[in-house]
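sequence unknown, structure follows:
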């Protein structure tokens, strides 16, 4: 079987301008902490272990700590949403039981 070679575009030749500055990212975090935490959590899941180690290596320990706090914030939010959804589900069950008893 013949190996197929694909033309891989050279990223450096694209010349896309940055769409956001670091200040834009920090402003987003301040304005929408939960949304930022959600996006950060999901973005971390797109990276391999090697990429994460490389990204947080060296002098970027503060970045690792910040990412850990963002994930913890999102996890706490999900736990609270699970609790509230359970309460809503129990209320709906009681409504269903009341309606069934009324029939």
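Sure thing, it's come through. Bear in mind that the values here come from a model prediction, so they are computed numbers and not experimental data.

So which elements touch the longest helix anywhere in the chain?
Longest helix in the chain by number of residues (criterion: DSSP state H): helix 61-102. Using 3 or more CB pairs under 8 Å, 6 or more residues apart in numbering; DSSP states H and E, the elements in contact with helix 61-102 are helix 33-44, helix 49-56. No exception for glycine: its C-beta is placed from N, CA and C like everyone else's.

can you rerun that using 7 Å?
With contacts taken as 3 or more CB pairs under 7 Å, 6 or more residues apart in numbering; DSSP states H and E, helix 61-102 sits against helix 33-44.

list the helices and strands the helix it packs on packs on?
Against helix 33-44 (3+ CB pairs under 7 Å, 6+ apart) you get helix 61-102.

low-scoring stretches of the protein, by residue?
1-16 (pLDDT under 70).

at 80 instead, please
Low-confidence segments of the chain (pLDDT under 80): 1-20, 22, 25.

picking up where we left off before, show me how far the longest helix of the chain is from its chain's centre.
17 Å (CA atoms, centre = their mean, to the nearest Å).

And for stretch 59-68?
With CA atoms, centre = their mean as the basis, stretch 59-68 stands 16 Å off its chain's centre.
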